[in-house]
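# Next come a sequence and a model predicted from it.
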Amino acid sequence: MLLKLNGMIPDFKIEAFRTNHFLSRRHYSYLITWHNKRIFLSGDTTDPTVIKQMSDIDWSFIPTWLIKNIFDSEVQTDVMSKMFVIYHIGEKDKINIIGEKFLMLDNQGQIITVD
């Protein structure tokens, strides 16, 4: 369905990647290219395989468990994405990543600007 947007919106491209999700057999992550910005939306996948194969992403939107799995796999995040936006941060999640390229969405209603 989303792939139908290719060609309908100027300077817009979306690619779908089948990714694992423990509750769904049909889960996808997406790479959107819009006005020369590459934006990765992982959804709720736990598997870092797809994102680890990418580079030059401007913004990656990923849940806490995926960033943990990326760090556990010891892949270089600086090549992968310029900015990581981390969501699904629950009260029981022990995640405290500090750095200019990590934005924690830990307050409901936060508004960010993708530039």
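Noted; the coordinates are in hand.
# any idea where the strands of the protein begin and end?
Per DSSP state E, the chain carries strands over the ranges 12-21, 24-34, 37-41, 57-63, 81-87, 102-104.
# Any idea which of those strands gets closest to E74?
strand 81-87 (15.8 Å; CB to CB). C-beta here means a position set from N, CA and C on the backbone, and glycine is covered the same way.
# partners of the closest one, with directions?
Applying DSSP bridges, strand 81-87 is found paired with strand 57-63 (parallel), strand 102-104 (parallel).
# Centre of the chain to that strand, how far?
Chain-centre distance of strand 81-87: 7 Å, with CA atoms, centre = their mean, to the nearest Å.
# Buried residues, that strand. List them.
81-87 (16 or more other CB atoms under 10 Å).
# Pull out the buried residues from stretch 21-41.
So for stretch 21-41, counting by 16+ other CB under 10 Å, buried means 27-33, 38-40.
# Please name every helix or strand in contact with the lowest-mean-pLDDT helix or strand in the chain.
The helix or strand of the chain with the poorest confidence is helix 77-80; it has a mean of 79 (mean pLDDT, DSSP states H and E). The contact analysis (3 or more CB pairs under 8 Å, 6 or more residues apart in numbering; DSSP states H and E) places helix 77-80 against helix 64-72.
# mean confidence for the helix it packs on?
Averaged across helix 64-72, pLDDT comes to 86.
# pLDDT below threshold where in this protein?
Residue ranges of the chain with pLDDT under 70: 1-3, 24.
# Hmm, M104 is touching I86, no?
Yes. With contact defined as CB atoms under 8 Å, M104 reaches I86; the gap is 5.3 Å.
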